[in-house]
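# Quick one, structure for this:
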Amino acid sequence: MTGMQDSAKITQVESDQKTYMMALERYRTLAGQYPSDQQGLMALVDRPTTAPRPRKWSSMMDRLKEDPWGNPYIYKFPGSKKKNQPEIISWGEDGLEGTVDDLSSQ
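The predicted structure is shown next:
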């Protein structure tokens, strides 16, 4: 049973990452670029007030989702493998960066 629960949580992370990536693409279309690391995923909820300010903006989400373990998703731009794309990361069950259970969109 535990394996099925873990699998369901991993599937949820993958689904959340796809949702975030679609919202980030819509953001880029309006704003002309992806949010900075400093602006992060909150740029999808609240209009950024720091540079680079989007030329056009619309709320892409009502609120940010947490991963299935109750931790915030991490946003990186540029991504660690694909420098021209953002990266969405869950630090997994242990909630620690750089461990084997980390799940990256890249």
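
# Beta-bridge partners for the spatially most central residue of the chain, please?
Against the mean C-alpha coordinate of the chain, by C-alpha atoms, centre = their mean, the closest residue is I88 at 3.7 Å. Counting by DSSP bridges, I88 forms beta bridges with Y75.

# who touches W91 in this structure?
D67, N71, I74, E97, T99, D101, D102 (C-beta atoms under 8 Å, 6 or more residues apart in numbering). Bear in mind the C-beta positions are built from the backbone N, C-alpha and C, glycine included.

# And those residues, which of them are buried?
The neighbour-count test (16 or more other C-beta atoms under 10 Å) marks D67, I74 as buried among those.

# so where is this protein shaky, pLDDT-wise?
Scanning the chain with the threshold set as pLDDT under 70 gives 1-5.

# Please repeat the previous calculation with a cut-off of 50.
1 (pLDDT under 50).

# Strands of that one, residue ranges please.
74-76, 87-90, 103-104 (DSSP state E).

# Tell me the spacing between S105 and K18.
Separation of S105 from K18 (C-beta to C-beta, to the nearest Å): 8 Å.

# more crowded one of those two?
Neighbours per residue (other C-beta atoms under 10 Å) separate S105 from K18, with S105 holding more: 23 against 12.

# wait, what's in contact with the more buried one?
Counted by C-beta under 8 Å, 6+ apart, S105 has contacts Q17, Y20, M21, G79, P86, E87, I88, I89.

# How many residues are close by the fourth one?
Yep, that's G79 we're talking about. Neighbours of G79 using other C-beta under 10 Å come to 18.

# Can you give me the separation between the closest residue to it other than its chain neighbours and R63?
Nearest residue to G79 in three dimensions, chain neighbours excluded: E87, at 3.4 Å (C-beta to C-beta, 6 or more residues apart in numbering). Per C-beta to C-beta, E87 is found 21 Å from R63.
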